[in-house]
Structures are given as structure tokens and as C-alpha cells.
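# Sequence and predicted structure are below.
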Amino acid sequence: MKKKLLVAGVCLAVLVIGMGVFGFTAYNRMVKELDQVTIGQIDLGGVPDGTYQGEYDLVLVKAAVLVHVADGRIDKIDLLEHIHGRGGAAESILTDVVQAQSLQVDTVTGATGSSKVILKAVETALSQPQ
């Protein structure tokens, strides 16, 4: 009985350590990728009226959006999915995008990674071939 408990304990310890290493590696990779993310300019005049879906996924941070364009303007943005891991949420950035009619807005304090991923999802939606 003691031998089975010891084996189970060792297996559990190996599993926990393995998950920790995987999580740490995924987090470091995401941080490096976030540093590389740039948000481009969108010419709304070239985007026909309609609804566009986009997403951006960096494993631990992900966003999916629906962008509604009417009369050459972003009318509304619906957040379909937002996973922000250990960082802060940045949903309020969508209001800033609609007000500015631009992706060149300030990121949300304490949620820079989440902000970038949401902005990139909007960019992806509006950059689809027309």
C-alpha cells in the first residue's frame, strides 16, 4: 500500500512539474510574440459596408471580434471571445477604436497584451480581401 502511494506521489509530482514548465515556456513565448505585434493602419474608405470577423491568438491571450462597418465608418465592434490569461482585460479599448475610427489608440493600462491582441483581431477582420 505504501509503495503504491509513493508511486502515485512521484507521478503527481512529475505531472505538476511538467505542467509548470509547459506553462512557463508558453508564457515566455507569448511575451516574446507580443513584443513583435504591430498594429497597422486601416483605410476605412476602402472597406465596404458589412460585418467582418477576425481573431488573433497567442495561446494564452486570444480575441475574436465582429466589426460592423457602415458608411465608411466602424459602427460597432462585438467581442465574441476574449481570453486574457493572467493579464488584465482590455474590452474598453473597443470603445476607443469606434470613437477614434482608428486602431491607433492607447492600450489599456495593465492590459497591454490583451489590448494588442484585441486590436490585432480588429485589424485582421478589416484586412480581409474585399
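Okay, I see it. The structure presented is a predicted model; accordingly, all values stated were derived computationally and were not measured.
# Burial check on residue 92, number of neighbours?
11 (other Cβ atoms under 10 Å). In short, each C-beta sits where N, CA and C put it, glycine included.
# That one: what's it in contact with?
residue 108 (Cβ atoms under 8 Å, 6 or more residues apart in numbering).
# rerun at 10 Å
108, 111, 115, 118 (Cβ atoms under 10 Å, 6 or more residues apart in numbering).
# Same question for residue 69.
44, 47-52, 75-77, 125-126.
# so what's it bridging to?
residue 50, residue 74 (DSSP bridges).
# can I get the contacts of residue 69 in JSON lines with neighbour count and pLDDT?
Formatted as JSON lines, the contacts of residue 69 follow (neighbours: other Cβ atoms under 10 Å; pLDDT from 0 to 100):
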{"residue": "44", "neighbour count": "14", "pLDDT": "90"}
{"residue": "47", "neighbour count": "19", "pLDDT": "92"}
{"residue": "48", "neighbour count": "8", "pLDDT": "94"}
{"residue": "49", "neighbour count": "11", "pLDDT": "94"}
{"residue": "50", "neighbour count": "11", "pLDDT": "95"}
{"residue": "51", "neighbour count": "13", "pLDDT": "96"}
{"residue": "52", "neighbour count": "20", "pLDDT": "97"}
{"residue": "75", "neighbour count": "12", "pLDDT": "97"}
{"residue": "76", "neighbour count": "12", "pLDDT": "97"}
{"residue": "77", "neighbour count": "23", "pLDDT": "98"}
{"residue": "125", "neighbour count": "24", "pLDDT": "97"}
{"residue": "126", "neighbour count": "21", "pLDDT": "96"}
